[in-house]
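Trainee: Predicted model and sequence follow; I will ask about them next.
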Amino acid sequence: MHNWSVGHWWRKTRQAAGYDGIRHHDLRHYYASGLIAAGCDVVTVQRALGHSSAGVTLNTYSHLWPTAEDRTRAAAASMMAEALEPAVEAGHRAGSSLAD
């Protein structure tokens with residue numbers, strides 16, 4: 001299949017669906033963003049997109065990977081949620097006994 005064939009069918013399909021503003025390349029960015037959001041590493045995303053090197057992938061998508069600060073905040077939020085969980089559960093038990 002030639003590249004023009006993919007482009008032709010994409011334009012035809014998108015027009016029929018009423019999404020004329022979405023380019024085929026936009027789907028690549030959406031796909032890459034989804035892989036990164038799901039926790040895939042740079043080499044996995046590179047291979048999925050067919051980039052020649054991880055550098056190409058990083059030059060385009062590095063801003064989407066979480067930073068050390070992002071991971072620190074997420075870890076702290078998770079720890080707080082776990083610490084508060086027994087108190088919340090105890091509150092529900094206490095609340096349900098009051099309603100009985």
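Mentor: Perfect, thanks for sending it.

Trainee: Excluding chain neighbours, what is closest to the residue nearest to the spatial centre of the chain?
Mentor: Residue closest to the mean C-alpha point of the chain, counted by CA atoms, centre = their mean, is residue 37 at 2.5 Å. Distance criterion CB to CB, 6 or more residues apart in numbering; nearest residue to residue 37, sequence neighbours excluded, is residue 64 at 7.4 Å. Where you see a C-beta, it was placed from the backbone N, CA and C, and this is true even at glycine.

Trainee: tell me the SS of the closest residue to residue 61 other than its chain neighbours?
Mentor: Nearest-residue entry for residue 61: residue 32, 5.5 Å, with adjacent residues in sequence omitted and distances by CB to CB, 6+ apart. Here residue 32 is recorded as helix under DSSP: H, G, I helix; E, B strand; the rest coil.

Trainee: ok so, going back, kindly state the pLDDT recorded for the residue nearest to residue 37?
Mentor: At residue 64, the model reports a pLDDT of 94.

Trainee: list the contacts for it?
Mentor: The contact partners of residue 64, by CB atoms under 8 Å, 6 or more residues apart in numbering, come to 32, 33, 36, 37.

Trainee: any idea how far residue 33 is from it?
Mentor: With distances defined as CB to CB, to the nearest Å, the gap from residue 64 to residue 33 amounts to 6 Å.

Trainee: try residue 14
Mentor: Residue 14 is 19 Å from residue 33, where distance means CB to CB.

Trainee: Just want to know which of these two has more residues nearby.
Mentor: More neighbours surround residue 14 than the other of residue 14 and residue 33, with 17 against 13 (other CB atoms under 10 Å).

Trainee: Which residues belonging to the helix or strand hosting that one are considered buried?
Mentor: In the assignment (DSSP states H and E), residue 14 maps to helix 3-17. By neighbour count with 16 or more other CB atoms under 10 Å, helix 3-17 contains the buried residues residue 14.

Trainee: for stretch 20-35, same thing?
Mentor: Within stretch 20-35, the residues that qualify as buried are 32, 35, counting by 16+ other CB under 10 Å.

Trainee: Over to stretch 74-89?
Mentor: Buried residues in stretch 74-89 (16+ other CB under 10 Å): none.
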